[in-house]
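Undergrad: Using only what follows, build the 3D model:
(2 chains)
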Number of protein chains: 2
Amino acid sequence: MEEAPLFNYKLTLEYDGSKFYGWQVQPGLRTIQGEVENALQVLFRQPLRVNVAGRTDTGVHAIGQVLNFRTTLASPVPDLPRAMNGILAHDVVVKRLEMMPSDFHARHDAKSRQYFYMLSKFPVAIGRHYAFFWKYPLEVAAMREASQYLIGEHDFRAFCDTNTEDPHYLSLMELIEWEESDERIKLTIRANRFLRSMVRIIVGTMIDVGRGQLAPPQVKEILESRKRTAASFTAPPHGLFLEKVFY
Amino acid sequence: MEEAPLFNYKLTLEYDGSKFYGWQVQPGLRTIQGEVENALQVLFRQPLRVNVAGRTDTGVHAIGQVLNFRTTLASPVPDLPRAMNGILAHDVVVKRLEMMPSDFHARHDAKSRQYFYMLSKFPVAIGRHYAFFWKYPLEVAAMREASQYLIGEHDFRAFCDTNTEDPHYLSLMELIEWEESDERIKLTIRANRFLRSMVRIIVGTMIDVGRGQLAPPQVKEILESRKRTAASFTAPPHGLFLEKVFY
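TA: Now for the predicted structure:
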């Protein structure tokens, strides 16, 4: 008996998280996964489950989110991204389709994820949903210095939401970079995996460094404490973007 | 009898026009002028009328809108922009206050206004309220060539909404510049005055040039026809920004 061919679809998505209750399907709530799987079901006429590279929380945006799904059906339309964009609301856009070998998995095969977090030094009307306005001065040099303590493989339990279900807390931090302009401060951060709220707790902690509440070496102590209560506040979600997934 | 001193306040504003019915006060509708004058009345405890450099239509944004108002009252608060921002909704922000000589008038004294218009080559979720997605290819070189016919002083009646109340249609066009990146096409345009919907009709006409519906020299004929029906469609407001007012 011949096996049916298996098509493995990889999609790259952009979305504005402002009006979503995060990525993951939840009954009665508008989620990105829910909207995407609904569009797929309309087109493929079968329920499909997608694997995502990085689940994002309520209010978090993505520029290069990646997902895959497998089915024995070829695409029912010549241009799947365009057909999906015709069904999806305007705050989620399918940017790219790639056909993959059947063993590709968007989450398991991802080598690292890159996020950025945008701080605005001034209140802004244009793009206010895409940056966190921090009204006090920040010393970026101190934030850079403190960030170096997080590079490499560490147990990041101190920078993880307490209600996480993660089986372990290890993460290999590859890049933490701060860029400052007259109006903005941007963090770019890349690691093999991120724990729940990890970027936002790092941002909150670095803000406390930048305003002089914490000295840079204290970040090392916070990391080693493995206690969430040692780190600072969780920065709000609307400044955070999943930028890119590396395979 | 001594005259009361007259304070002349100049404010620079940024706003996201998405949820406003344009600049000008209209009974029962949310307008930028209405919100700003309301905030001033709360603080100064007297009704104040503001003069604006460039009225913007429904859905049009501003990064550097300028207004002035005069009163015999000194500011009742130490930081007027911050106090106003505390009263205003988040889609309008007072960026700067300057105290001016009593004869300064935001509209009459403006030498020129600069707008930009943002086209997106791809559908975007992030910032979809700040760019007009045009899905077909555009030949920017042709748009540049056609734009040159508009430079200088002309009667721009062909590029003006028919229901305008403008007393005359002359405008001195100082700058029309097109920039193209992989994802976007940006028009920067500066003139001493703009007629109603003028930038958006110019953009619509240039899109027709860019897609090959019009040859560049036809823009000269359209201009000289002085007929709105000769020009193309009015591009939508959400790609348009009042960038700067020159004094």
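Undergrad: Give me the contact status of stretch A:106-114 with chain B.
TA: No. Applying Cβ under 8 Å from any Cβ of the partner chain, one finds that stretch A:106-114 is not in contact with chain B, the shortest distance being 15.6 Å. To be clear about C-beta, it is placed using only N, CA and C from the backbone, and glycine gets the same treatment.
Undergrad: Buried residues of that stretch, list them for me.
TA: By neighbour count on 16 or more other Cβ atoms under 10 Å in any protein chain shown, the buried set for stretch A:106-114 is A:106, A:109-110, A:112-114.
Undergrad: One more: stretch A:219-231?
TA: A:219, A:222-223, A:228, A:230-231.
Undergrad: how about the helices in chain A?
TA: Ranges of helices in chain A, per DSSP state H, are A:32-44, A:80-87, A:140-147, A:198-210, A:216-225.
Undergrad: Out of these, flag the one nearest residue B:136.
TA: Closest approach to residue B:136 among those (Cβ to Cβ): helix A:80-87, 13.1 Å.
Undergrad: re earlier: tabulate the buried residues of stretch A:219-231 in JSON lines, adding columns for distance to chain B and pLDDT.
TA: Formatted as JSON lines, those follow (distance: Cβ to the nearest Cβ, whole Å; pLDDT from 0 to 100):
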{"residue": "A:219", "distance to chain B": "30", "pLDDT": "98"}
{"residue": "A:222", "distance to chain B": "32", "pLDDT": "98"}
{"residue": "A:223", "distance to chain B": "32", "pLDDT": "97"}
{"residue": "A:228", "distance to chain B": "30", "pLDDT": "93"}
{"residue": "A:230", "distance to chain B": "33", "pLDDT": "96"}
{"residue": "A:231", "distance to chain B": "28", "pLDDT": "96"}
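Undergrad: Throw the residues you listed into JSON lines and include distance to residue B:65, thanks.
TA: Shown next, in JSON lines, are the buried residues of stretch A:219-231 (distance: Cβ to Cβ, whole Å):
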{"residue": "A:219", "distance to residue B:65": "42"}
{"residue": "A:222", "distance to residue B:65": "44"}
{"residue": "A:223", "distance to residue B:65": "46"}
{"residue": "A:228", "distance to residue B:65": "44"}
{"residue": "A:230", "distance to residue B:65": "46"}
{"residue": "A:231", "distance to residue B:65": "41"}
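Undergrad: Can you pick out the most distant pair from those?
TA: Across the buried residues of stretch A:219-231 (Cβ to Cβ), the longest gap, 14.3 Å, separates A:219 and A:228.
Undergrad: if we can go back for a sec, just the helices of chain A: most buried one?
TA: helix A:198-210 (a mean of 24; mean count of other Cβ atoms under 10 Å in any protein chain shown).
Undergrad: can you list the domain ranges for chain A.
TA: A:7-100, A:112-246 (automatic domain parsing).
Undergrad: Now find how far off-centre the longest one is within its chain.
TA: So that's domain A:112-246. 13 Å (Cα atoms, centre = their mean, to the nearest Å).
Undergrad: From start to finish, how long is that domain in a straight line?
TA: One end of domain A:112-246 sits 5 Å from the other (Cα to Cα, to the nearest Å).
Undergrad: got it, and the shortest one?
TA: Across its full length, domain A:7-100 reaches 8 Å end to end, with Cα to Cα as the criterion.
Undergrad: pLDDT below threshold where in chain A?
TA: For chain A, the stretches with pLDDT under 70 are A:1-3, A:163-166.
Undergrad: and it, which residues reach chain B?
TA: Applying Cβ under 8 Å from any Cβ, we find that chain A lies next to chain B at A:14-16, A:61, A:63, A:85, A:90-93, A:95, A:122-128, A:130, A:241.
Undergrad: Give me the buried entries from the residues you listed.
TA: For the residues of chain A next to chain B, a neighbour count by 16+ other Cβ under 10 Å gives the buried set as A:14-16, A:61, A:63, A:85, A:91-93, A:95, A:123-126, A:128, A:130, A:241.
Undergrad: got a list of what residue A:140 touches?
TA: A:178, A:180, A:185, A:210 (Cβ atoms under 8 Å, 6 or more residues apart in numbering or on different chains).
Undergrad: I'd like the helices of chain A laid out as TSV, including distance to residue B:9.
TA: Below are the helices of chain A laid out as TSV (distance: least, Cβ to Cβ, whole Å):
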stretch	distance to residue B:9
helix A:32-44	45
helix A:80-87	47
helix A:140-147	34
helix A:198-210	34
helix A:216-225	43
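Undergrad: Spatially nearest residue to residue A:194, not counting backbone neighbours?
TA: Nearest-residue entry for residue A:194: residue A:113, 6.1 Å, with adjacent residues in sequence omitted and distances by Cβ to Cβ, 6 or more residues apart in numbering or on different chains.
Undergrad: coming back round to it: among the buried ones among the residues of chain A next to chain B, which lie within strands?
TA: With DSSP state E as the criterion, strands contain A:14-15, A:61, A:63, A:92-93, A:95, A:241 from among these.
Undergrad: give the contact list for residue A:233.
TA: Residues in contact with residue A:233, defined by Cβ under 8 Å, 6+ apart, are A:201, A:204, A:207-208.
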